[in-house]
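*Asks:* For reference, the sequence and a predicted model appear below.
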Amino acid sequence: MPLADYSFTFGSFTFGAGTPFPILEIDGLEGVPELRVQDDNRGYNDGSFSGRDFYNGRTVTFVINVFAGNNNSAQTNYSLLQASLLPQSTGTTTLMFKLSPSDTEKTIQARVRQVRTKVDPEFTFGYIKTQVVMFCPDPRYYDNSTTFVSIYPPLTTPGRTYNRVYDLNFGGGGSNQASIFNTGWIYTSPIVTITGPCNIPVIGLSGTTNYVGVNYQLTATDTVVIDLNQKLVTLNGTAARNLVTPGSTWFTAPPGTSQFYFSVSSGATASTNATISYSPAYV
């Protein structure tokens with residue numbers, strides 16, 4: 001069900017406009033998050049050595065009013081809020097939101113860090129003001145839609161034709177590419193799923209030296225997943241970072257249009273492909 005303007009869903013809990021949990025203010029969701037800087041002082045000289053700046057995790061603070069509604073008292077609704085916004089020790093939960101009529105639904109991964117409520121006469125009379133603090137390890141937020149692009153390698157490569165069968169495979173290698181459209185204004189990190197059969201599959205960013213190769217001969221039942229955000233590689237669901245080829249580098253899809261290529265050394269058939277899933281990213 002589409003979200004109303006200026007409303008949020010965290011897991012299965014919806015708050016904001018049109019609910020008994022209207023939002024008074026939000027701090028930290030819009031704008032650039034805090035930076036993690038690597039500048040260093042110059043000792044007995046003025047100034048600093050300039051290092052690199054990185055985005056830190058994003059802290060988002062909500063101030064929410066809790067009222068009676070949905071056939072519940074304000075205190076009952078407050079209990080529902082408490083039960084739905086429990087801190088979690090690991091992982092994150094999808095926070096989906098829509099901030100204006102001109103905006104589309106966005107998502108960010110978050111976990112609850114704090115719920116604070118002042119008990120005063122207003123609490124007793126059903127006007128409960130609550131502060132909720134969430135932390136987002138990945139400061140980027142994304143369109144609430146995923147695009148899937150598949151790349152199929154060539155099944156044959158140019159060369160000499162023989163009228164005898166050899167044990168060596170002379171075909172089923174090469175590369176093809178596809179366009180990635182990141183309409184956001186910051187890089188996005190796709191997930192690549194490679195389906196065999198093929199030998200030594202490689203996914204890379206065209207026009208650069210950035211690629212991730214997998215030193216393995218996949219059968220028709222093998223699947224490799226390369227998560228460019230988490231920097232993880234799995235083979236049939238099992239961690240396989242040891243299979244990453246030397247020289248590989250983790251890369252991203254920059255804002256705008258970029259080309260990803262998929263290559264294999266040999267062994268490709270009509271079922272061999274790399275499927276790239278991504279969402280435009282913002283900060």
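*Replies:* Sure thing, it's come through.
*Asks:* hang on, Asp138 packs against Asn229?
*Replies:* Yes - Asp138 lies in contact with Asn229 (Cβ atoms under 8 Å); the separation is 7.3 Å. C-beta coordinates here come from the backbone N, C-alpha and C atoms, glycine included.
*Asks:* right, and the helix or strand after the biggest strand by length in the chain?
*Replies:* Longest strand of the chain, by residue count under DSSP state E: strand 106-117. For strand 106-117, the following helix or strand on the C-terminal side (DSSP states H and E) is helix 121-124.
*Asks:* For the very next helix or strand once past that following helix, enumerate the helices and strands it packs against.
*Replies:* Downstream of helix 121-124, the first helix or strand assigned by DSSP H and E is strand 128-136. The contact analysis (3 or more Cβ pairs under 8 Å, 6 or more residues apart in numbering; DSSP states H and E) places strand 128-136 against strand 58-66, helix 74-84, strand 106-117.
*Asks:* Show me what Val66 bridges to in the sheet.
*Replies:* Ile128 (DSSP bridges).
*Asks:* swap in Ile186?
*Replies:* Counting by DSSP bridges, the residues bridging with Ile186 are Ala281.
*Asks:* got the contact list for it?
*Replies:* Residues counted as contacts of Ile186 (Cβ atoms under 8 Å, 6 or more residues apart in numbering) are Arg140, Pro255, Ala281, Tyr282, Val283.
*Asks:* what do you get for Tyr261?
*Replies:* Ile151, Ser175, Asn176, Gln177, Val202, Ile203, Gly204, Leu205, Ser206.
*Asks:* now Leu80
*Replies:* By Cβ under 8 Å, 6+ apart, the neighbours of Leu80 are Phe13, Asn72.
*Asks:* in the protein, what spans have low per-residue confidence?
*Replies:* 156-172 (pLDDT under 70).
*Asks:* domain assignment for it?
*Replies:* Domains of the chain are assigned by automatic domain parsing as 7-139, 147-282.
*Asks:* Centre of the chain to the last one, how far?
*Replies:* Taking Cα atoms, centre = their mean, to the nearest Å, the mean C-alpha location of domain 147-282 is offset from the chain mean by 19 Å.
*Asks:* that older thread, quick one: closest of the helices and strands packed on strand 128-136 to Asp40.
*Replies:* strand 58-66 (25.2 Å; Cβ to Cβ).
*Asks:* Contacts made by the closest one with the rest, please.
*Replies:* 8, 15, 20-29, 33-34, 74, 77-78, 81, 95, 108, 110, 113, 127-136, 138-139.
*Asks:* thinking Arg140 is in contact with Ser279, fair?
*Replies:* No - using Cβ under 8 Å, Arg140 makes no contact with Ser279, being 9.6 Å away.
*Asks:* which residues do those two both contact?
*Replies:* Counting by Cβ under 8 Å, 6+ apart, the shared contacts of Arg140 and Ser279 are Thr188.
*Asks:* give me the beta-bridge partners of Ile108?
*Replies:* On the basis of DSSP bridges, Ile108 is bridged to Leu95.
*Asks:* Test my guess that it contacts Pro137.
*Replies:* No - applying Cβ under 8 Å as the test, Ile108 and Pro137 come out as separate, 9.9 Å apart.
*Asks:* out of the two, which sits in the more crowded spot?
*Replies:* Neighbour count, other Cβ atoms under 10 Å: between Ile108 and Pro137, Ile108 has more, with 21 against 13.
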